[in-house]
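[1] Generate a structure from the sequence data that follows.
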Amino acid sequence: MKSGTRLQLSVMMFLEFFIWGSWFVTLGTFLAKNLQASGLETASVFSTQSYGAIIAPFIVGMIADKYFNAEKILGILHLLGAALMFQMYRAESVSVFYPYVFAYMVLYMPTLALVNSVSFRQMNNPEKEFSTIRVWGTIGWIIAGLTISYVFHWDSTAGTEAGALKNTFAMGAVASLLLGLFSFTLPKTPPVKDKTQKDSIAEILGLDAIKLLSNRNFLVFFISSILICIPLAFYYQNAHHFLEQTGLENPTGKMAIGQVSEALFILLIPVFFSRFGFKKTIMIGMIAWAVRYLLFAYGNAGPLAFMLITGIALHGICYDFFFVSGQIYTDQQAGEKYKSAAQGLVTLATYGVGMLIGFWVAGIISDYYTTHATDNFWQKVWMIPSVIAAVVWLLFMATFRDSKREVVA
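    As a prediction, this is how the structure comes out:
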């Protein structure tokens, strides 16, 4: 790959995830502090990510792959996203904010696939080259968090009380505008499919891979993937607001430790796979969720602050050892015929169905403990996903059999 192309793709990845990290991490606190949202209203806003994940394959599969260059669609989506993000910045109530964030996530989620498409098409050896490009996305997310905490101090106690977190949307809008314009300078990435070719809805959503569920082990993994996304949703929806209310200084910057951990632990997956196998590797990821929430339940911003920091740092194990390992396992089990469809099916099940259920469960739990005034509010909230993760871990341990590859014909 030419050095100029590598630089272009790295900047693209940096901005793609800088945009997401600039507002999504602090969203729960913004909704509670700025818009006085209830638990269910917060769940409704976070659920737009799941709706976007469900709709995204149609945009990519039915439009991007057939009619237009990927880099041009990427540019248009981010320019539209910048306008929507600016309206999110101006919104003063959940009812006004919701339609804009819904439309934004429907447009943003397809860009996650598009930046990958643009990158892969420029590579001769994606297995070796992609990670060095994708890591700039993680760096972008980290820089966004550090900027919020240590440059602008929008998440400080004074900042949240003054409503400064709405400025994160202005920052995201500027970054989206930049990436929208920059996308038109990216290497040309024309459609790969004949526009006369008709794809069924089942094919677009990855439902053609449903045959894989006849494999008992894959079925167990599939169901476990949906269930483990319930405690995952608690983290996305509640973690920042929890850390801010607990009194931890610069919570957004400290949450970036999770992305640093993610970048480091992904390098250890091949070691764990070869030494312990898939089952034990993925079980480490599952139990890490239960441990993380226990640390959140009993930690504080004082002498036990190390428990909160450790819980954040466990993100690398939680995410990489389950989701990245799961993607590798899915690829191994699917065989050539179902590789793409299987990945699409698992993505739909996790980020679509599983996370959607999780966001609503988290909202219901938050509203319940808010209505039934109780001491140790956050301790009670965090115990729920900890127990769920532990139960999923036990079910997976009891029902999944570590075996050789079983490819469906």
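
[2] Residue 8: which element?
    Counting by DSSP states H and E, the element that carries residue 8 is helix 3-23.

[3] Run through the neighbouring helices and strands of the next helix or strand after that helix.
    Following helix 3-23 in sequence order, the next helix or strand is helix 27-33 (DSSP H and E). Secondary-structure packing of helix 27-33 (3 or more Cβ pairs under 8 Å, 6 or more residues apart in numbering; DSSP states H and E): helix 39-59, helix 157-161, helix 216-246. To be clear about C-beta, it is placed using only N, CA and C from the backbone, and glycine gets the same treatment.

[4] Need those in CSV (columns: mean pLDDT, distance to residue 261 and mean neighbour count).
    Formatted as CSV, these follow (pLDDT from 0 to 100; distance: least, Cβ to Cβ, whole Å; neighbours: other Cβ atoms under 10 Å):
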stretch, mean pLDDT, distance to residue 261, mean neighbour count
helix 39-59, 90, 21, 21
helix 157-161, 87, 25, 14
helix 216-246, 94, 13, 22
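
[5] Same list, those helices, but as a markdown table with distance to residue 346 please.
    Listed next are those as a markdown table, based on distance: least, Cβ to Cβ, whole Å:
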| stretch | distance to residue 346 |
| --- | --- |
| helix 39-59 | 11 |
| helix 157-161 | 37 |
| helix 216-246 | 6 |
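
[6] which residue is nearest the middle of this structure?
    The C-alpha lying nearest the average C-alpha coordinate of the chain belongs to residue 351 (Cα atoms, centre = their mean; 7.6 Å).

[7] how close does the residue nearest to it when sequence neighbours are not counted sit to residue 401?
    Spatial nearest neighbour of residue 351, excluding adjacent residues (Cβ to Cβ, 6 or more residues apart in numbering): residue 53 at 4.0 Å. Applying Cβ to Cβ, to the nearest Å, the value for residue 53 to residue 401 is 30 Å.

[8] Touching, residue 75 and residue 183? I think so.
    Yes - between residue 75 and residue 183 a contact is recorded at 3.4 Å, counting by Cβ atoms under 8 Å.

[9] What residues of stretch 272-280 count as buried?
    Neighbour-count burial for stretch 272-280, with 16 or more other Cβ atoms under 10 Å as criterion, is recorded at 272, 273, 278, 279.

[10] In this protein, where is pLDDT below threshold?
    60-62, 64-66, 127, 192-208, 336-340, 373, 403-409 (pLDDT under 70).

[11] Let me know the secondary structure of residue 154.
    coil (DSSP: H, G, I helix; E, B strand; the rest coil).

[12] any idea how far residue 145 is from it?
    11 Å.

[13] what's the answer for residue 188, then?
    33 Å.

[14] Which one of the two is surrounded by more residues?
    residue 145 (26 against 11; other Cβ atoms under 10 Å).

[15] need the contact list for that one.
    21, 25, 252, 253, 255, 256, 259 (Cβ atoms under 8 Å, 6 or more residues apart in numbering).

[16] Contacts only, for the last one.
    Shown here is residue 259, whose contacts under the criterion Cβ under 8 Å, 6+ apart are 21, 138, 141, 142, 145, 315.

[17] If we only consider the residues you listed, which is nearest to residue 90?
    Nearest to residue 90 among those is residue 21, at 21.3 Å by Cβ to Cβ.

[18] Was I right to think that closest one contacts residue 139?
    No - contact criterion Cβ under 8 Å: residue 21 and residue 139 do not qualify, at 10.0 Å.

[19] Neighbour count for the two, which is higher?
    Counted by other Cβ under 10 Å, residue 21 and residue 139 do not tie: residue 21 has more neighbours, with 28 against 19.

[20] Mind splitting the protein into its structural domains?
    As recorded under automatic domain parsing, the domains making up the chain are 1-185, 207-409.

[21] Neighbour count: residue 75 and residue 183, which is higher?
    The residue with more neighbours, out of residue 75 and residue 183, is residue 183; 27 against 21, by other Cβ under 10 Å.
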